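In: mind looking at a prediction? Sequence and model below.
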Amino acid sequence: MEEERSPPPLKNCYWVLRHGRSVPNEIGLIVSHKSNGTLPQHGLAEGGFVQAKAAGEIFVKQLEEHGSFKNVAIYSSPFTRTMETANCVAEVLKHAYENLEIRVLDELRERYFGPALELQSHLHYPEIWEIDARNPLVGPEGGESVADVAKRVAAVIPQLELQHEGYAILLVSHGDTLQILQTITKAAEKSNVLWSIPSTKGRQTLSLCVGLSLLTLICCKVFVFVKAMELPDLHNKYWVLRHGRSVPNELDLIVSHEANGVLPGYGLAPQGLVQARNAGKIFVKELKKFSLDNVWIYSSPFSRTIQTSECVLEAVDASFENTRIHVLSELRERYFGPFYELKSRLEYSHDDRKDPFVGPEGGESVMDVYERVLKAIHEIERQTHGSAVLIVGHGDVLQILQAVVDYRSSKKLRTYEELASSLSKHKRFELSNGELRELN
């Protein structure tokens, strides 16, 4: 019997990065055709530039920790939002890696969702996911199927392996494209054979690569880490505090959009003010257990969290005079979508455990919240070290943050999917109104 041969090891190390928040993301628009995606007006939103720069800084840190890369290559989809993301990363890297250039790889382009959905509302996305679930060989009318995208992205790594050796390579692309690339690598890694998708015609299969050797080369022993999305090492002592009982809590009303949440009428109820002051007293007692010279309070911009923070500040000020409240938009309430906004909480029926990548219609998924909360932690760690940090936020947001820290403490982050599964069970970290909890 012939001895089973292992695929050759990769000559380079790969990272993937999804583009920062874009103008199409902001306005809820599907921009998937190359002719539209390369237009200047469909680039990054203001927040996307911040995200891209932060990803660049994290990438630099990862490269420094690895310590063995003399060369870095950045490959990007030709779309404006990915090119601008890649440029932000390159700007951060240019001091350490001279002559760094961004190379366009058309295979990394966005998945095309067809003419009927192009430039339409992103509320149509669930229709696409339903098609994908039924048959990966069939895409939306006139658009690409999962298999179509898989065929083009499967060729990317073999192509780059022929061009480079000993490089750190960053692939900047889009959500579906990178998800499908990661799915290919995971599926073939588990089976160690050519991965194929069942067709609708009995036992026939559609190969995702032109040859077995190339596909195993792409997939076996390849770990596609989401480096830009790891929780950083924590150099501060953290506590989390859910806001006190609010007027929306009293009315049993969902107030999750920032435009509504910052209104004075949606602040704390009388009971919430009492809870917040009590939390401040408890926090001061907690601080006495640790030899920390500085206290930083970070709050969501919502009225109910700002008022809670102010109550805590009154208690802390007596011992730490220079403490002030820092507002971080990334700590805002999870947006539950237009359908549920300003509606009764009794009407809410979305279950995060089914799929953490899918949120209520038009709202944020668990993973959407995870990404921005992680950005907030990176920003806090950038601003201060060795301090006591209090994060004043909302139920779901703080639950997801706790789930991240718990996951990090239990095992090293390996895949986005493992983390997503863990975060989907965030309800186990539920906080009551006005409840203070030690984070690390």
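Out: Alright, I've got the coordinates.
In: how far away is residue 160 from residue 107?
Out: 10 Å (CB to CB, to the nearest Å). In short, each C-beta sits where N, CA and C put it, glycine included.
In: which of those two has more neighbours?
Out: residue 160 (21 against 18; other CB atoms under 10 Å).
In: mean confidence for the helix or strand that contains the more buried one?
Out: Applying DSSP states H and E as the criterion places residue 160 in helix 156-163. Across helix 156-163, pLDDT averages out at 82.
In: next secondary structure element downstream of that helix?
Out: strand 167-173.
In: ok, and what's touching that next one?
Out: 12-19, 59, 63, 66, 69, 71-77, 82, 85-86, 89, 105, 108-110, 156, 160, 178, 181 (CB atoms under 8 Å, 6 or more residues apart in numbering).
In: buried stuff in the helix holding residue 160?
Out: Using 16 or more other CB atoms under 10 Å as the test for burial, helix 156-163 gives 156, 157, 158, 160, 161.
In: got those residues as JSON lines, with distance to residue 282 columns?
Out: Shown next, in JSON lines, are these (distance: CB to CB, whole Å):
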{"residue": "156", "distance to residue 282": "53"}
{"residue": "157", "distance to residue 282": "52"}
{"residue": "158", "distance to residue 282": "58"}
{"residue": "160", "distance to residue 282": "54"}
{"residue": "161", "distance to residue 282": "56"}
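In: most widely separated two among these?
Out: Pairwise distances across those peak at 9.7 Å for 156 and 161 (criterion: CB to CB).
In: just to revisit the earlier point, report the angle between the helix holding residue 160 and strand 167-173.
Out: Angle between the axes of helix 156-163 and strand 167-173 is 150 degrees (criterion: axes from the mean of the first three to the mean of the last three CA atoms, to 10 degrees).
In: show me what helix 156-163 is packed up against.
Out: The helices and strands touching helix 156-163, judged by 3 or more CB pairs under 8 Å, 6 or more residues apart in numbering; DSSP states H and E, are strand 71-76, helix 212-219.
In: so which residues of the stretch 101-250 of the chain form strands?
Out: For the stretch 101-250 of the chain, strands defined by DSSP state E, counting those that start in this stretch occupy the ranges 102-104, 167-173, 196-198, 205-207, 237-242.
In: among these, which is nearest residue 132?
Out: When the strands of the stretch 101-250 of the chain are ranked by proximity to residue 132 (CB to CB), strand 196-198 comes first, at 11.2 Å.
In: what mean pLDDT does the closest one have?
Out: Summarised as a single mean, pLDDT over strand 196-198 is 29.
In: go on, stretch 298-311?
Out: The pLDDT scores in stretch 298-311 average 96.
In: change the start of the numbering to 722 and stick with it
Out: Sure thing, new numbering starts at 722, so read that last one as stretch 1019-1032.
In: mean pLDDT lowest for which of the helices and strands packed on helix 877-884?
Out: It's helix 933-940: among these, that one has the lowest mean pLDDT, namely a mean of 25.
In: how about residue 1018, secondary structure?
Out: strand (DSSP: H, G, I helix; E, B strand; the rest coil).
In: kindly apply the preceding question to residue 1063 instead.
Out: Under the three-state scheme (three-state DSSP), residue 1063 adopts coil.
In: among the strands of the stretch 822-971 of the chain, show me which one is buried the most.
Out: Among the strands of the stretch 822-971 of the chain, strand 888-894 has the highest mean neighbour count (mean count of other CB atoms under 10 Å), at a mean of 25.
In: from the chain's centroid, how far away is that one?
Out: On the basis of CA atoms, centre = their mean, to the nearest Å, strand 888-894 sits 18 Å off its chain's mean C-alpha point.
In: now the angle from that strand to strand 792-797?
Out: Using the same axes, to 10 degrees: strand 888-894 against strand 792-797 is 10 degrees.
In: give me the sheet partners of strand 888-894 and which way each runs.
Out: strand 734-739 (parallel), strand 792-797 (parallel) (DSSP bridges).
In: what's the closest of those to residue 1046?
Out: Set against residue 1046 and scored by CB to CB, the strands paired with strand 888-894 come closest in strand 734-739, at 31.6 Å.
In: now residue 742: closest residue in space, sequence neighbours ignored.
Out: residue 769 (4.0 Å; CB to CB, 6 or more residues apart in numbering).
In: quick check: buried residues in the helix or strand containing the one you found?
Out: In this structure, residue 769 sits in helix 767-787 according to DSSP H and E. For helix 767-787, the neighbour count (16+ other CB under 10 Å) marks 768-781, 783-784 as buried.
In: out of the residues you listed, which comes closest to residue 839?
Out: The nearest member of these to residue 839, counting by CB to CB, is residue 769 at 20.8 Å.
In: got the contact list for that closest one?
Out: Contacts of residue 769 by CB under 8 Å, 6+ apart are 740, 741, 742, 743, 746, 802, 805, 806.
In: residue 766 is in contact with the fourth one, correct?
Out: What it means is residue 743. Yes: the criterion here is CB atoms under 8 Å, and residue 743 meets it with residue 766 at 5.9 Å.
In: tell me the centre residue of the protein?
Out: Centroid-nearest residue in the chain: residue 1092, 2.9 Å away (criterion: CA atoms, centre = their mean).
In: the stretch 1022-1161 of the chain: strands as residue ranges?
Out: Counting by DSSP E, counting those that start in this stretch, the stretch 1022-1161 of the chain has strands at residues 1046-1048, 1109-1114, 1157-1159.
In: just send those back as a markdown table, with distance to residue 758 and mean neighbour count too.
Out: As requested, the strands of the stretch 1022-1161 of the chain are exported to a markdown table (distance: least, CB to CB, whole Å; neighbours: other CB atoms under 10 Å):
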| stretch | distance to residue 758 | mean neighbour count |
| --- | --- | --- |
| strand 1046-1048 | 34 | 16 |
| strand 1109-1114 | 34 | 27 |
| strand 1157-1159 | 43 | 15 |
